[in-house]
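Trainee: Turn this into a model:
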Amino acid sequence: MDRASTNDARTREARRNLRSLIHDTERNRHEYLNPESDKLCSTLLKSDDLYENGLLGTTSCSEKVLEGKLLGNLSVLGKQRAQKLKTDTVVFDPTEFAEKIVTYLGGNRDGGDITFAPDVWTKLGEEVSPCFRGAPPLSPLYGSFVRGEPVKKAVVERRKKANEKEITRGPTNAEELRNFAELAEEETTSREVTKILNILKREYRASNSPLCYFEFVVNPESFSQTIENIFYCSFLVRDGLVIVSLDDDKLPVIQPCEEGASKKKKLEQNQLAFSITKPQFKKCVETFKITSSMIPTRSSGPSQPAASQPL
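Mentor: Okay, the predicted model is just below:
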């Protein structure tokens, strides 16, 4: 037999052996993964024998593919088998551990109870202290240190004294200014509301009939003044000092309340939201032909209220 025929026979034998091993790894997968089986090790030894006998290691492309598939199967099986191994052979048993502690400390069993000597826990603490990282407790130096007032109590006393000083000192300058500004604003609002009420009473007595709401609050010279007038009138409605209603033409009219009606109105307060925009303001001036304001224009006053106020 010539050399070429010999090589062909060896190649066919190598392929047949490789296919057999590959088929075995795929068919007997569970046996390979069994921890008690040596199937994985024997297959590795067989593949090594193929190399040693010269049946593998050639340059044939088909053989390389078969070799790679066999090694891939063996690697996957080896990984899965390693994952199934249990490394926690020693399991912590709390009951067994407690029994060992009792035995070590020399506990006496009296029926169902276990008793220890008075200093046994100190002994246990000294034995296990090296296992824990903790700062040592503070102790008097040679016993000459006189223990003073507890730190926590001293801190509480200092905070208490600081709070008392704060109360005695009273509000700060910023708080005083804020309170003064709020008080001044309230006084200005109250003064303007009273002034508008007096104007409404005077105009009502002169005409002896309810006044057109828009003619009363609209200031043709200033949109902001109109908003302020609506704002101040809302307080009069809220307090039951004036009444805003609709006339026969479904237009709002305003009139002061009588003494008895005012008290009743306070018990039955009814408010609604009224808003006016700049174009609506101009339309009111043109429609009602308002040339002057019943409420005099204020030269200076409080900050401008919002354009929507309750009535």
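Trainee: Start and end of stretch 206-216, how far apart?
Mentor: Distance across stretch 206-216, first residue to last, is 14 Å (CA to CA, to the nearest Å).
Trainee: Show me which residues of it are buried.
Mentor: Neighbour counts using 16 or more other CB atoms under 10 Å place 210-216 of stretch 206-216 among the buried residues. Every C-beta, even on glycine, is put in place using the N, C-alpha and C of the backbone.
Trainee: ditto for stretch 24-33
Mentor: 24-25, 32-33.
Trainee: can you put the residues you listed in JSON lines and add pLDDT?
Mentor: Compiled in JSON lines, the buried residues of stretch 24-33 are given as follows (pLDDT from 0 to 100):
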{"residue": "D24", "pLDDT": "86"}
{"residue": "T25", "pLDDT": "84"}
{"residue": "Y32", "pLDDT": "81"}
{"residue": "L33", "pLDDT": "81"}
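Trainee: Looking at those, spot the one nearest S293.
Mentor: Nearest to S293 out of those is L33 (CB to CB; 99.2 Å).
Trainee: which residue packs closest to the closest one, ignoring adjacent ones?
Mentor: R81 (5.2 Å; CB to CB, 6 or more residues apart in numbering).
Trainee: show me what contacts the one you found?
Mentor: By CB atoms under 8 Å, 6 or more residues apart in numbering, the contact set of R81 is 32-33, 35, 40.
Trainee: hang on, the earlier thing: tell me which two of the buried residues of stretch 24-33 sit farthest apart.
Mentor: Using CB to CB, the pair of those lying farthest apart is D24 and L33, separated by 13.6 Å.
Trainee: Tell me how many other residues crowd C131.
Mentor: C131 has 6 neighbouring residues, counting by other CB atoms under 10 Å.
Trainee: hang on, the earlier thing: format the CA atom coordinates belonging to the helix or strand that contains the residue nearest to L33 as PDB.
Mentor: According to DSSP states H and E, R81 maps onto helix 61-84. In PDB, the C-alpha atoms belonging to helix 61-84 read as follows (Å, rounded to 0.1, in the frame of the first residue of the first chain):
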ATOM      1  CA  CYS A  61     -10.200  21.600   6.900                       C
ATOM      2  CA  SER A  62     -13.000  19.100   7.600                       C
ATOM      3  CA  GLU A  63     -11.000  17.600  10.500                       C
ATOM      4  CA  LYS A  64     -10.400  21.000  12.000                       C
ATOM      5  CA  VAL A  65     -14.200  21.600  12.000                       C
ATOM      6  CA  LEU A  66     -14.800  18.300  13.800                       C
ATOM      7  CA  GLU A  67     -12.100  19.000  16.300                       C
ATOM      8  CA  GLY A  68     -13.500  22.400  17.100                       C
ATOM      9  CA  LYS A  69     -17.000  21.000  17.600                       C
ATOM     10  CA  LEU A  70     -15.800  18.200  19.900                       C
ATOM     11  CA  LEU A  71     -13.800  20.700  22.000                       C
ATOM     12  CA  GLY A  72     -16.800  23.100  22.100                       C
ATOM     13  CA  ASN A  73     -19.100  20.300  23.400                       C
ATOM     14  CA  LEU A  74     -16.600  19.200  26.000                       C
ATOM     15  CA  SER A  75     -16.100  22.900  27.200                       C
ATOM     16  CA  VAL A  76     -19.800  23.400  27.600                       C
ATOM     17  CA  LEU A  77     -20.300  20.200  29.500                       C
ATOM     18  CA  GLY A  78     -17.300  20.900  31.700                       C
ATOM     19  CA  LYS A  79     -18.700  24.400  32.600                       C
ATOM     20  CA  GLN A  80     -22.200  23.100  33.400                       C
ATOM     21  CA  ARG A  81     -20.800  20.300  35.500                       C
ATOM     22  CA  ALA A  82     -18.600  22.700  37.500                       C
ATOM     23  CA  GLN A  83     -21.700  24.900  38.100                       C
ATOM     24  CA  LYS A  84     -23.500  21.900  39.600                       C
END
